[in-house]
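Peer 1: Compute the structure for the input listed below.
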Amino acid sequence: MSNFMPMLYAFWDSDITYSFRKSRVAVISALVLLAMFLTAIFAPSLAPQDPFNIAELDLFDSELPPAWAEGGSAAYLLGTDTQARDVLSSIMYGMRISLLVGFASVILAAVMGVALGLLGGFLGGIVDAVLMRIADVLLSFPPILVALLINGILRGALPSSAQAESALIVLILSIGLTNWVQYARTVRGSTMVERRKEYIEAARTLGTGKLAIMIKHILPNVLGPVLVIATINLGMAVLTEATLSFLGVGMPPTQPSLGTLIQIGNEFLFSGIWWVVVFPAAALAILVLAVNLLGDWLRDALNPKLR
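Peer 2: You can find the predicted model right below:
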């Protein structure tokens, strides 16, 4: 306990924390993200209705407008869809899946990209050449097309009966295997700079192995840019998942994400049931915007030229 308070004070008085406290945009974005994360995590306890429990659905309450509109009900704040599912509850549950896919795919891409970037930057030679040529090929195509290609290959390798159950894993792999290139190129560049420094030469002189040098000495010094990329990529991953689900190759209607809810609601957009698509789309936009704004602040806060 005696060591905890000085550490807490040092953290509170650090440059990054000071920059965060002085940035209203960063604080508001963080609060919005925190609220959305908690809402998604505790959706079963906070949601007015379990939209996947048929016993809680009453078809007589289908297509109700928001509570403040004429014909709305106070029991359904954002209205209901054609199957009498509460739109607010559907958004809460859908956000859980969107955030799960986003976080898991970012972790997969970061681990894969950092590992390959360290190998390419430290070893050089044929290893670096092969990895960077693969990266160049992937960068020559739009990410969404690469994700669609990987998604199609993975779905084609699975039997039809298992595609719905494995949709979550397929989405994570599709997005994660698409976004590793940014991490790899960034870490590779930083590693090529770090490996020429005196402390690396000293570690080599002491007989430290290559793997130990990469993990203990180089990795901690290249994590700053990785954190920035990961934060920004979280928003991109959530948006990519929503795009794939909107195109019908993402989460099934039985396990809807925000993208699936938008895809389902889009079919009724011009029939007067606008709230079924507008509110999930607004939730997605707010989530991605908050992540991007927080990522922009983190990028500037970790940039020594702007301090």
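
Peer 1: Name the nearest residue to Ala26, sequence neighbours excluded.
Peer 2: Trp297 (3.9 Å; C-beta to C-beta, 6 or more residues apart in numbering). All C-beta atoms are positioned from the backbone trio N, CA, C, and that covers glycine.

Peer 1: Touching, that neighbour and Ser23? I think so.
Peer 2: Yes. If you go by C-beta atoms under 8 Å, Trp297 and Ser23 touch, sitting 5.4 Å apart.

Peer 1: Give me the more crowded residue out of those two.
Peer 2: Between Trp297 and Ser23, counted using other C-beta atoms under 10 Å, the more crowded position is Trp297 (21 against 18).

Peer 1: Next one: Asp136 from Gly189, what distance?
Peer 2: Note on Asp136: its distance to Gly189, by C-beta to C-beta, to the nearest Å, is 14 Å.

Peer 1: Hmm, I typed the wrong one, I wanted Asn53.
Peer 2: On the measure of C-beta to C-beta, Asn53 and Gly189 end up 51 Å apart.

Peer 1: residue contacts, Val226?
Peer 2: Counting by C-beta atoms under 8 Å, 6 or more residues apart in numbering, Val226 makes contact with Ala110, Val114, Tyr183, Thr186, Val187.

Peer 1: ok, now Lys22?
Peer 2: Lys22 neighbours (C-beta under 8 Å, 6+ apart): none.

Peer 1: got it, and Pro225?
Peer 2: Thr186, Val187, Ser190, Leu302.

Peer 1: now swap in Tyr93 and tell me
Peer 2: Ala43, Ala47, Pro51, Phe52, Pro256.

Peer 1: can you pull the buried residues of the helix or strand encompassing it?
Peer 2: Secondary structure from DSSP states H and E places Tyr93 in helix 87-123. Going by neighbour count (16 or more other C-beta atoms under 10 Å), the buried part of helix 87-123 is 87-106, 108-110, 112-122.

Peer 1: Next: stretch 38-58.
Peer 2: By neighbour count, with 16+ other C-beta under 10 Å as the criterion, the buried positions of stretch 38-58 are Thr39, Ala40, Ala43, Ala47, Gln49, Asp50, Pro51, Leu57.

Peer 1: Now do the same for Ser45: its pLDDT.
Peer 2: Reading off the confidence values, Ser45 has pLDDT 88.

Peer 1: hmm, which two among the contacts of Val226 are most spread apart?
Peer 2: Within the contacts of Val226, two members stand farthest from each other by C-beta to C-beta: Ala110 and Thr186, at 10.6 Å.

Peer 1: what's around Leu171, how many residues?
Peer 2: The local packing of Leu171 (other C-beta under 10 Å) involves 30 other residues.

Peer 1: now the residue lying closest to Asn292 once chain neighbours are set aside: how far from Ile169?
Peer 2: Closest residue to Asn292 apart from its sequence neighbours, by C-beta to C-beta, 6+ apart: Gly235 at 4.9 Å. Using C-beta to C-beta, Gly235 is found at 22 Å from Ile169.

Peer 1: Those two - which one has more neighbours?
Peer 2: More crowded of Gly235 and Ile169, by other C-beta under 10 Å: Gly235, with 20 against 13.

Peer 1: The more buried one sits in which helix or strand?
Peer 2: Here Gly235 sits within helix 223-246, counting by DSSP H and E.

Peer 1: related to what we said a few turns ago, which of the contacts of Val226 lies closest to Pro159?
Peer 2: Among the contacts of Val226, Ala110 lies closest to Pro159 (C-beta to C-beta), at 31.1 Å.

Peer 1: Need the pLDDT of the closest one.
Peer 2: pLDDT, read off for Ala110, is 93.

Peer 1: how about it, what does it touch?
Peer 2: Shown in contact with Ala110 (C-beta under 8 Å, 6+ apart): Trp180, Tyr183, Val226, Ile229, Ala230.

Peer 1: Try it again at 10 Å.
Peer 2: Going by C-beta atoms under 10 Å, 6 or more residues apart in numbering, Ala110 touches Gly176, Asn179, Trp180, Gln182, Tyr183, Val187, Leu223, Val226, Leu227, Ile229, Ala230, Asn233.

Peer 1: from memory Ile172 sits against Ser105, does it?
Peer 2: Yes. Look at Ile172 against Ser105 with C-beta atoms under 10 Å: they come within range, at 4.9 Å.
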